[in-house]
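Asker: Okay, sequence plus prediction incoming.
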Amino acid sequence: MSLTSRALAGVVLAGVLGILGEWGGSPAELPVWRVVALMLILGLAYEWIDARRLDLRAQLRGNGQLYLGRAARIEVALSTDSAREREIEYLPGLPDLVAAPSQVAATTVSDAAEREFRVRVVPRRLGVAEWKKLPARVKGVLGLAWWPHRIGVEQGLAVVPDLLGRADRVGGRASDAGVTRRSLTGGGLELQQLRDYQPGDPRRAIDWKASARRGNLITRVFDEDQHLEVVVAVDAGRTSAVSIDGISQLGHFANLAARFAELAVRNEDRVGLLVFADRPLVSLAPARGAPAVIRIRRALAGVACQRDESDLVAAMLQVRRVVRHRALVVLLSDLQGRTATSQLAEAVRSLRPTHMPIVAGVMGGEVVALGNAPAVAALDPYRSLAAVEYQRDVAANLARLRRLGAAALVARPDDLVAQVLRHYRLLRQQRRV
């Protein structure tokens, strides 16, 4: 409870009247200050009972689904069963899955006036979480005090892997402009079927002779000359919990895997998933189409960082058991450390030459910044040297993996997806898989 200025004025008034009564020696049986104090106490008791009976509710607008790392604005509607307009102050407390600025907000609400507030959030971790009860306080009907309250939100929040961005759909950045997308209609080598024309079919795919015979437009559909099998292997071991630019390494890998699967099925490729730590946690055989993307996204939404060291060799042996034919294996793991490097090399050797591996890692911008930062404090030179040594280790590991025949790369989080997709498009274009 927090008294308002009105209640404090009543307390001061009762005190002053009590002092004046004592000094004046009033013979009254019931001094005036006691009347004022009794009225104040009764008013606070009434407000306390009313505040306990008050029902404040919050309803989350939309489906409560957010995409990892993508800033979003969520809307919450506040309502109450009170016919009177009530003043409330609240703090938009959010689940630990998201990051948002915390600041106290004030509004009025009644059963006839529903209020909405909007919060800009950045999802930081995959998972489903119940919304915390919003800490709030309600001003009493007599205006004597603010009474603490908890507002429950009826719907939880779910953070899922991000979707394929618009830039990735059209071929990525300007540097990727030379890699063209394949057309499934009218662009293959072997005629598969003839079907009725559909809006969006290219003009070159129209079979004019068949169209003239039937009296309506007919489209030629060719069978693609290349269908790949792709497995995305995601490292969820101990090092995946490292935070890079506000999101765990596993979160960056999950976003990449989900986007990669979406692009692969657009190319009619079969895509599967392996999430592993010291043992395989999720193993999905390659499949084609939207159902494959859906099950991969569902699996990724439920992954969590493990405390055990990852066994990359065992994970790649699991890939070889799942995939019988030559496939493209995208391995997402930490690329720093001698133990990790040795296991990565053994993992690549276990895949080659049957399969074509792409090994990708993520490096935060803070590492690069530390390596180039000027020394100000006493420990700054050591931090800078550690960052430089880290980058050298990663570069040496990449060179070693490339000598073993893998397409190895490391990129910053905002460039990781584009880099991996560029390698994927290049390998498809060069028919190296």
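Answerer: Arrived safely, thanks for sending. Numbers count the residues shown, from 1 in each chain.
Asker: quick one: contacts for the most centrally placed residue in the chain?
Answerer: Compute the mean C-alpha point of the chain, and by C-alpha atoms, centre = their mean the closest residue is Leu68, 1.1 Å away. Taking C-beta atoms under 8 Å, 6 or more residues apart in numbering as the criterion, Leu68 is in contact with 123-126, 159-162, 247, 251, 254-255. Every C-beta, even on glycine, is put in place using the N, C-alpha and C of the backbone.
Asker: Quick check: Ala387 is in a helix.
Answerer: Yes - when the secondary structure is assigned by DSSP: H, G, I helix; E, B strand; the rest coil, Ala387 falls within a helix.
Asker: element containing Leu273, please.
Answerer: strand 270-276 (DSSP states H and E).
Asker: Which residues outside that strand are in contact with it?
Answerer: Contacts of strand 270-276 from elsewhere in the structure, counted by C-beta under 8 Å, 6+ apart, are 227-237, 257, 260-261, 264-265, 280-288, 292-293, 296, 299-300, 303, 310-312, 314-315, 318-319, 322-323.
Asker: Put the buried members of those residues into a PyMOL selection.
Answerer: For anyone working in PyMOL, the buried entries among those, judged by 16 or more other C-beta atoms under 10 Å, can be selected with:
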select buried, resi 228+229+230+231+232+233+234+235+236+237+257+260+261+264+265+280+281+282+283+284+286+287+292+293+296+299+300+303+310+311+312+315+318+319+322+323
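Asker: Return the subset of the contacts of strand 270-276 lying in helices.
Answerer: In this view, the contacts of strand 270-276 that belong to helices under DSSP state H are 257, 260-261, 264-265, 292-293, 296, 299-300, 312, 314-315, 318-319, 322.
Asker: Between these, which sits nearest Ala377?
Answerer: Leu312 (37.7 Å; C-beta to C-beta).
Asker: just checking, Glu89 touches Leu134?
Answerer: No - contact status for Glu89 versus Leu134: not in contact, 10.5 Å apart, counting by C-beta atoms under 8 Å.
Asker: Same drill for these two, tell me which one is more crowded.
Answerer: In this comparison of Glu89 against Leu134, neighbours counted by other C-beta atoms under 10 Å, the higher total goes to Leu134 at 22 against 15.
Asker: Number of residues surrounding the residue nearest to Asp55 when sequence neighbours are not counted?
Answerer: Taking C-beta to C-beta, 6 or more residues apart in numbering as the measure, Asp55 lies nearest to Asp81, with 4.7 Å between them; neighbours along the chain are not counted. Other residues lying near Asp81 total 11 when counted by other C-beta under 10 Å.
Asker: and Asp81, what are its phi and psi?
Answerer: Asp81 adopts backbone torsions of phi -100, psi 0, taken as degrees, to the nearest 10.
Asker: mind checking how far it is from Lys139?
Answerer: Using C-beta to C-beta, to the nearest Å, we find Asp81 at a distance of 17 Å from Lys139.
Asker: what's near enough to touch Val159?
Answerer: 65-68, 97-98, 123-128, 301.
Asker: Which strand or helix spans Val159?
Answerer: Using DSSP H and E, the element containing Val159 is strand 157-160.
Asker: what's the answer for Val128, then?
Answerer: Val128 is part of strand 127-129, with elements assigned from DSSP H and E.
Asker: and that strand, what does it pack onto?
Answerer: Judged by 3 or more C-beta pairs under 8 Å, 6 or more residues apart in numbering; DSSP states H and E, strand 127-129 is in contact with strand 157-160.
Asker: which helices and strands does the one helix or strand Val329 maps to pack with?
Answerer: Val329 belongs to strand 328-332 when assigned by DSSP H and E. Judged by 3+ C-beta pairs under 8 Å, 6+ apart, the packing partners of strand 328-332 are strand 229-235, helix 249-266, helix 312-322, helix 338-351, strand 356-362, helix 413-430.
Asker: any chance of those in TSV, plus distance to Gln103 and mean pLDDT?
Answerer: Formatted as TSV, the helices and strands packed on strand 328-332 follow (distance: least, C-beta to C-beta, whole Å; pLDDT from 0 to 100):
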stretch	distance to Gln103	mean pLDDT
strand 229-235	37	94
helix 249-266	26	93
helix 312-322	45	92
helix 338-351	42	81
strand 356-362	32	93
helix 413-430	28	87
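Asker: Number of residues surrounding Ala377?
Answerer: Other residues lying near Ala377 total 7 when counted by other C-beta under 10 Å.
Asker: Make 10 the starting number, not 1.
Answerer: With the count now opening at 10, the last piece we talked about shows up as Ala386.
Asker: And it, how close does it get to Ala369?
Answerer: Distance of Ala386 to Ala369, computed by C-beta to C-beta: 34 Å.
Asker: can you tell me which residues contact Gly246?
Answerer: 285-287, 314-315, 317-319.
Asker: Next, format those as TSV and append distance to Ala54 and pLDDT.
Answerer: Output for the contacts of Gly246, formatted as TSV (distance: C-beta to C-beta, whole Å; pLDDT from 0 to 100):
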residue	distance to Ala54	pLDDT
Phe285	62	95
Ala286	58	93
Asp287	61	92
Cys314	51	92
Gln315	55	92
Asp317	58	90
Glu318	62	90
Ser319	62	91
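Asker: what's the span of stretch 360-368, first residue to last?
Answerer: 12 Å (C-alpha to C-alpha, to the nearest Å).
Asker: cool, stretch 75-91 as well?
Answerer: Start-to-end, stretch 75-91 (C-alpha to C-alpha) is 33 Å.
Asker: taking the mean pLDDT, what do you get for it?
Answerer: With pLDDT averaged residue by residue, stretch 75-91 scores 84.
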